[in-house]
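Undergrad: have a look; sequence and predicted model below, questions after that.
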Amino acid sequence: MWSGPLKFNSQAVIGVNQITLSNAITFADSISFDITNVTTYGHFLGAGTATVTGATINIGGAYTGVANDTFDFTTGSFSGATLGTLPTLSGGLTWNTTNFLTTGVLTVVPEPTTWALLAGSLTTVMVFHRRRSII
């Protein structure tokens with residue numbers, strides 16, 4: 001375990017493992033995390049803080065998506081950073097990035113058009129079922 005301050009002036013790549021922070025760490029350029037699945041992805045743990053002001057955070061890997069999968073990349077936040085690339089999801093899924101910079105969490109959710117299609121289909125079934133019940 002690293003016990004002193006650590007500063008990256010270029011790029012840090014965090015694969016499907018974790019870095020445990022006991023003291024502060026500073027990133028000045030970019031950070032890349034890889035995702036294999038919901039249990040295997042790069043992340044920071046520990047009591048230390050990560051300063052990422054000005055850094056770009058890229059998420060990569062072979063992950064293609066499962067609805068409601070949640071990835072918690074840090075116990076802190078990525079305030080001051082910019083979210084860069086994300087893995088391409090399949091099957092009508094998209095990334096919810098709303099809280100990523102403040103909490104370090106990304107979630108996989110169905111695309112809004114998928115929800116609208118599902119709601120429309122359900123409404124149609126209910127209308128036809130009701131019409132049959134009345135007749």
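TA: Looks like it arrived, so ask away.

Undergrad: from now on I want contacts and neighbour counts done on CA atoms only, so please keep to that.
TA: Fine.

Undergrad: run through who's touching stretch 83-94.
TA: With contacts defined as Cα atoms under 8 Å, 6 or more residues apart in numbering, stretch 83-94 is touched by 56-67, 95, 101, 108-111, 114.

Undergrad: quick one: buried ones out of those?
TA: 56-61, 63, 65-67, 95, 101, 108-110 (16 or more other Cα atoms under 10 Å).

Undergrad: show me the shaky parts of the chain.
TA: 1-11, 47-48, 113-120, 129-135 (pLDDT under 70).

Undergrad: how about the contacts made by the residue positioned nearest the centre of the chain?
TA: The residue lying closest to the centre of the chain (Cα atoms, centre = their mean) is residue 106, at 2.4 Å. Neighbouring residues of residue 106 by Cα under 8 Å, 6+ apart: 70, 71, 72, 95, 96, 97, 98, 99, 100.

Undergrad: now flag whichever of those is closest to residue 35.
TA: residue 71 (8.9 Å; Cα to Cα).

Undergrad: got a list of contacts for the helix or strand where that closest one lies?
TA: According to DSSP states H and E, residue 71 maps onto strand 70-72. Strand 70-72 has contacts (Cα under 8 Å, 6+ apart) with 38, 41, 43, 103, 104, 105, 106, 107, 108.

Undergrad: just these: which are in helices?
TA: residue 103 (DSSP state H).

Undergrad: may I see the contacts of strand 70-72 organised as a markdown table, with distance to residue 125 added?
TA: Below are these laid out as a markdown table (distance: Cα to Cα, whole Å):
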| residue | distance to residue 125 |
| --- | --- |
| 38 | 34 |
| 41 | 41 |
| 43 | 44 |
| 103 | 40 |
| 104 | 40 |
| 105 | 36 |
| 106 | 34 |
| 107 | 30 |
| 108 | 28 |
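
Undergrad: do a quick rundown of the strands in this structure.
TA: According to DSSP state E, the chain carries its strands in the segments 6-8, 11-14, 18-21, 25-27, 30-37, 40-41, 43-46, 50-51, 56-60, 70-72, 82-83, 93-96, 105-110.

Undergrad: sort out which residues of the second one are buried, please.
TA: Of the residues in strand 11-14, those scored as buried under the neighbour-count criterion (16+ other Cα under 10 Å) are 12, 14.
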